[in-house]
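Visitor: give the three-dimensional model of this entry:
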Amino acid sequence: MGKTKVLVVDDSAIVRKIFTDLISREPDLEVVGVAPDPYIARDKIVQSRPDVVTLDIEMPRMDGLTFLKKLMHYHPLPVIIVSSLTPKGSQMALEAMDLGAVEVLAKPGSAYTVGDLGLQLVEKIRAAAQIRYLKAVDKDRNPNPPTDTIAPLTQTSQKIIAIGASTGGTEAIKEVLLRLPPNSPGLVIVQHMPPKFTTAFAARLDQMCALEVKEAQDGDSVLTGRALIAPGAYHMLLRRSGARYYVQVKDGPLVHHQRPSVDVLFNSAAQSAGANAIGVILTGMGADGADGMLAMKEKGAYTIAQDESSCVVFGMPKEAIKKGAAQKVLPLNRIPEEIRRVLS
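Guide: Numbers count the residues shown, from 1 in each chain. The predicted structure follows:
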């Protein structure tokens, strides 16, 4: 099997060199070209036929979003967005994900070292290279938020929904939350994403969904109608005090090269919620969440994995299924319906 061919597009010569050096260390990856702007990138794509493109959003001559839109229309490729850790950069990165980009990566800086970047960069390139197809973006596809509700749950049987995702997960999570009613049980969600980007991700979902969606802060209560997104660079754990569920947000070692980690969340949900939990594992590369989902199942939780046909990368769900952790394997569009069925 040949090496994965990568094109690096960035207006910074320093970033181009850092990326080239980091990628070239890996025996299975190869930089086939670099470009300082989208016009040169266009020519390099035609010449080099890369498997994956890393794309800076803020560039001269043509911004990254405009180029991405054209690229997805004429020559769709797996694209990893590279953005600054700023509110503007985070918003633009999320717009890029809507346009078809598959991953987002923060530029190296004071909060994100080159060492951190190297590990994340090569893992994201490998994940992107596994994508077999890219779904066309259809802006009219999102349904209106449901207006019906789920039958009230007694406080002693308060349910919790725990969701984990990685590559392709921003769209998958959106699909699930858009189809849940405003009185759904509290949700706790891990999406592998850098810091700051999770803030923008939660804010965008909050505008779109019937549920309240926010980036979790340490001690936040898990409430009916509320979804908490784990902040980038921190683990999130579910805790219980009497009848109250809340989250603990904390530092800690990487788990499966990730922080936040789905396994950390799912293991805590197994301990704190037991049979009152529903666990959902969505698209993503690697095995994060498989062990935690098995722990949830063994404690009586109901567990669901996304199926291969609807995954952007069938990695995390595949590992959960192999371990026997998933009680149901469903396409993405049937997962909200199954959650509602279990709760009714």
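Visitor: can you report how many residues neighbour residue 217?
Guide: Residue neighbour count, defined by other C-beta atoms under 10 Å, stands at 11 for residue 217. To be clear about C-beta, it is placed using only N, CA and C from the backbone, and glycine gets the same treatment.
Visitor: how near is it to residue 230?
Guide: 11 Å (C-beta to C-beta, to the nearest Å).
Visitor: repeat for residue 280
Guide: Taken as C-beta to C-beta, the span from residue 280 to residue 230 is 14 Å.
Visitor: just residue 272 next, same as before
Guide: For residue 272, the distance to residue 230 - C-beta to C-beta - is 15 Å.
Visitor: which one's more surrounded, those two?
Guide: residue 230 (28 against 21).
Visitor: just the pLDDT for the more buried one.
Guide: The model reports residue 230 with a pLDDT of 98.
Visitor: residue boundaries of the strands in the stretch 101-250 of the chain?
Guide: With DSSP state E, counting those that start in this stretch, the ranges of strands along the stretch 101-250 of the chain come out as 103-106, 160-165, 186-191, 212-215, 226-229, 235-241, 244-250.
Visitor: go through the ones you listed and name the closest to residue 338.
Guide: strand 160-165 (11.3 Å; C-beta to C-beta).
Visitor: picking up where we left off before, least reliable of the strands of the stretch 101-250 of the chain going by mean pLDDT?
Guide: strand 103-106 (a mean of 88).
Visitor: low-confidence stretches in this structure?
Guide: 1, 108-113, 132-157 (pLDDT under 70).
Visitor: can you list the domains in it?
Guide: 4-129, 155-343 (automatic domain parsing).
Visitor: export the strands of the stretch 101-250 of the chain as a markdown table, with columns for distance to residue 38 and mean neighbour count.
Guide: Converted to a markdown table, the strands of the stretch 101-250 of the chain look like this (distance: least, C-beta to C-beta, whole Å; neighbours: other C-beta atoms under 10 Å):
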| stretch | distance to residue 38 | mean neighbour count |
| --- | --- | --- |
| strand 103-106 | 18 | 27 |
| strand 160-165 | 29 | 28 |
| strand 186-191 | 28 | 27 |
| strand 212-215 | 31 | 19 |
| strand 226-229 | 31 | 24 |
| strand 235-241 | 37 | 20 |
| strand 244-250 | 38 | 18 |
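Visitor: how about a markdown table for those strands, with distance to residue 338 added?
Guide: A markdown table is the format used below for those (distance: least, C-beta to C-beta, whole Å):
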| stretch | distance to residue 338 |
| --- | --- |
| strand 103-106 | 27 |
| strand 160-165 | 11 |
| strand 186-191 | 15 |
| strand 212-215 | 21 |
| strand 226-229 | 17 |
| strand 235-241 | 21 |
| strand 244-250 | 22 |
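Visitor: and these: which comes nearest residue 64?
Guide: Nearest of these (C-beta to C-beta): strand 103-106, 11.6 Å.
Visitor: output the contacting helices and strands for that closest one.
Guide: For strand 103-106, the elements it packs on are strand 79-83, helix 87-99, helix 114-129, judged by 3 or more C-beta pairs under 8 Å, 6 or more residues apart in numbering; DSSP states H and E.
Visitor: nearest to residue 179, out of the ones you listed?
Guide: Of all the helices and strands packed on strand 103-106, helix 87-99 comes closest under C-beta to C-beta, at 17.7 Å.
Visitor: which helices and strands does the closest one pack with?
Guide: For helix 87-99, the packing partners by 3+ C-beta pairs under 8 Å, 6+ apart come out as helix 64-74, strand 79-83, strand 103-106, helix 169-178, helix 197-208.
Visitor: let's see it at 7 Å
Guide: Under the contact criterion of 3 or more C-beta pairs under 7 Å, 6 or more residues apart in numbering; DSSP states H and E, helix 87-99 touches helix 64-74, strand 79-83, helix 197-208.
Visitor: between the first one and helix 87-99, how big is the angle?
Guide: It refers to helix 64-74. 10 degrees (axes from the mean of the first three to the mean of the last three C-alpha atoms, to 10 degrees).
Visitor: then the shortest one?
Guide: With the same axes, to 10 degrees applied, the angle from strand 79-83 to helix 87-99 works out at 170 degrees.
Visitor: many thanks, I have nothing further to ask.
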